[in-house]
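Trainee: Sequence and predicted structure are below.
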Amino acid sequence: MRPWLVTGASGFGGRHLLEANAGRSAPRPVLALVRDPGAWRAAEWTGALGEVGLVEGSVDDAERWVAGLPVLGGIAHLAAVVRHSRHRPEEMVRTNVEGALAMVRLAAAQRCRLVVVSTSGTVACFRSADETADEKSPFCEARVARWPYYAAKIEMERRARALAEELGVELVFARPPILLGPGDHRLRSTSNVWKALRRKMPIVIRGGIAFADVRDVAQALLAMLERPEVQPVYHLPGHAWGIHDFFAAIEELSGVPGPPWTLPYRPAHWLASLVEGAGARLLGQPPHLLPDPVVVEMAAHYWALRSLYAEPELGYRPRPARETLRDTIEWLRAHA
């Protein structure tokens, strides 16, 4: 079998994609794109994956390593910079947009399918908890235009699709919400749960949160790579909750009291902007004493997804929300 190339292999989603593949009766050969092979080999979780070929490099310098690749059976592109801030947005454009375009060119040269993990926030960002987005929904670019991460992801999807059509690449976008579950060794995707367990989240903003289990998403990505015929976009919805319900469930499952205060949006945004502006003037960078204003702006929104295709075509069925939260909490307590 021709190997798959997995970018972002060292991250949360990449880890679970590789673990899901390794757990099958006939694992597919895989190549993992990693910046630091030594750190990869030293990680406590990589030894259980079996034989994984390593490609040293990043999507930002693809021209340096693509020539040495064998013939590929597919590419799973999970590498991304996720930062919700208007500070230094150029890094997100370079990695999230130009990196994806480099993978389209590689897929064209290799004549293989490319699965790109995007985000639900390209289409599913609402002022009301009653709204949802499916695979046919338009981009919500006016709403997210001032949030560099989501704006870059919309630009990435548009430009990658145009280039894929030009080069004849079979391109599939996966759009999950926030990923939760065990194994977030970098403490990034599960950071809200980790902060709640440590009582490091004193305030929340009225709004919503949507999350899916990383293990369910990993299985869906395998199906996208292997299914003979695929849709151009798959939504991978999980659970869309109000923020109070989310932290109440964490409190119930963990026994740790939830955030004590809920601030209305306007005073929270004013305080965050004031602190960010003062810190930038004094320190040259945001001081991170309060959430970034972008995070406050996002927190006042809702993010519900639905899918027309994920269950019938990929067999995707999200597990119960409390199972995901319980497993997340247990893993964080044992490892973080």
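Mentor: Received the coordinates, thanks.
Trainee: all strands of the protein, in order?
Mentor: Taking DSSP state E to define them, one finds strands in the chain at 4-7, 30-34, 53-56, 74-77, 114-117, 171-175, 178-180, 203-205, 208-213, 233-235, 239-242, 261-263.
Trainee: Assess the claim that Asp184 and His16 are in contact.
Mentor: No - with contacts counted by CB atoms under 8 Å, Asp184 stays clear of His16, the gap being 9.6 Å. (Glycine included, C-beta is placed from N, CA and C.)
Trainee: quick one: common contacting residues for these two?
Mentor: Taking CB atoms under 8 Å, 6 or more residues apart in numbering as the contact rule, Asp184 and His16 both touch Val214.
Trainee: before we move on, the earlier item: reformat the strands of the chain as a markdown table; add mean pLDDT, distance to Met156 and mean neighbour count.
Mentor: Output for the strands of the chain, formatted as a markdown table (pLDDT from 0 to 100; distance: least, CB to CB, whole Å; neighbours: other CB atoms under 10 Å):
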| stretch | mean pLDDT | distance to Met156 | mean neighbour count |
| --- | --- | --- | --- |
| strand 4-7 | 98 | 13 | 27 |
| strand 30-34 | 98 | 17 | 23 |
| strand 53-56 | 98 | 22 | 15 |
| strand 74-77 | 98 | 10 | 26 |
| strand 114-117 | 98 | 8 | 27 |
| strand 171-175 | 98 | 9 | 24 |
| strand 178-180 | 98 | 18 | 24 |
| strand 203-205 | 83 | 27 | 19 |
| strand 208-213 | 97 | 20 | 24 |
| strand 233-235 | 98 | 13 | 24 |
| strand 239-242 | 97 | 24 | 20 |
| strand 261-263 | 78 | 33 | 14 |
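Trainee: among these, which is nearest Thr324?
Mentor: The minimum distance between Thr324 and those falls on strand 208-213, with 4.3 Å, by CB to CB.
Trainee: List the strands paired with that closest one, with their directions.
Mentor: Partner strands for strand 208-213, per DSSP bridges, with pairing direction: strand 178-180 (parallel), strand 239-242 (antiparallel).
Trainee: Would you reformat the ones you listed as TSV and include distance to Lys200?
Mentor: Listed next are the strands paired with strand 208-213 as TSV, based on distance: least, CB to CB, whole Å:
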stretch	distance to Lys200
strand 178-180	17
strand 239-242	20
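Trainee: And the helices in this protein?
Mentor: Read by DSSP state H, the chain holds these helices, from start to end of the chain: 12-22, 37-42, 90-92, 99-110, 141-144, 148-167, 191-197, 214-226, 243-254, 265-283, 293-299, 310-314, 321-335.
Trainee: Remind me what the longest one packs against, helices and strands.
Mentor: In this case it means helix 148-167. The criterion is 3 or more CB pairs under 8 Å, 6 or more residues apart in numbering; DSSP states H and E, and the helices and strands that helix 148-167 contacts are helix 90-92, helix 99-110, strand 114-117, helix 141-144, strand 171-175.
Trainee: Buried ones in it, by neighbour count?
Mentor: By neighbour count with 16 or more other CB atoms under 10 Å, helix 148-167 contains the buried residues 148-157, 160-161, 163-164.
Trainee: what's the angle between that helix and helix 99-110?
Mentor: For helix 148-167 and helix 99-110, the angle between their directions (axes from the mean of the first three to the mean of the last three CA atoms, to 10 degrees) works out to 20 degrees.
Trainee: Quick one: mean pLDDT for helix 148-167?
Mentor: Averaging the model's pLDDT scores along helix 148-167 yields 97.
Trainee: And the fourth one, by the same measure?
Mentor: Throughout helix 99-110, pLDDT has a mean value of 98.
Trainee: neighbouring contacts of that helix?
Mentor: Helix 99-110 has contacts (CB under 8 Å, 6+ apart) with 5, 7, 58-60, 62-63, 66, 69, 71-72, 75, 77, 79-80, 113-114, 116, 156, 159-160, 163-164, 167-171.
Trainee: now with 6 Å?
Mentor: Contacting residues not belonging to helix 99-110 are listed as 59-60, 62, 66, 72, 75, 77, 114, 116, 156, 160, 163-164, 167, 169 [CB atoms under 6 Å, 6 or more residues apart in numbering].
Trainee: same deal with the third one?
Mentor: Outside of helix 90-92, the residues that reach it under the criterion CB under 6 Å, 6+ apart are 81, 148-149, 152.
Trainee: In contact with Arg319, which residues?
Mentor: When the contact criterion is CB under 6 Å, 6+ apart, the partners of Arg319 are Asp213.
Trainee: Also the one 10 residues further on?
Mentor: Residues in contact with Ile329, defined by CB under 6 Å, 6+ apart, are 253-254.
Trainee: if I look at it, how far off is His87?
Mentor: Ile329 sits at a distance of 31 Å from His87 (criterion: CB to CB, to the nearest Å).
Trainee: Could you check how far the nearest residue to Arg15 once chain neighbours are set aside is from Trp45?
Mentor: When the adjacent residues along the chain are set aside, Arg15 lies closest to Gly183, with 5.8 Å between them (CB to CB, 6 or more residues apart in numbering). Per CB to CB, Gly183 is found 7 Å from Trp45.
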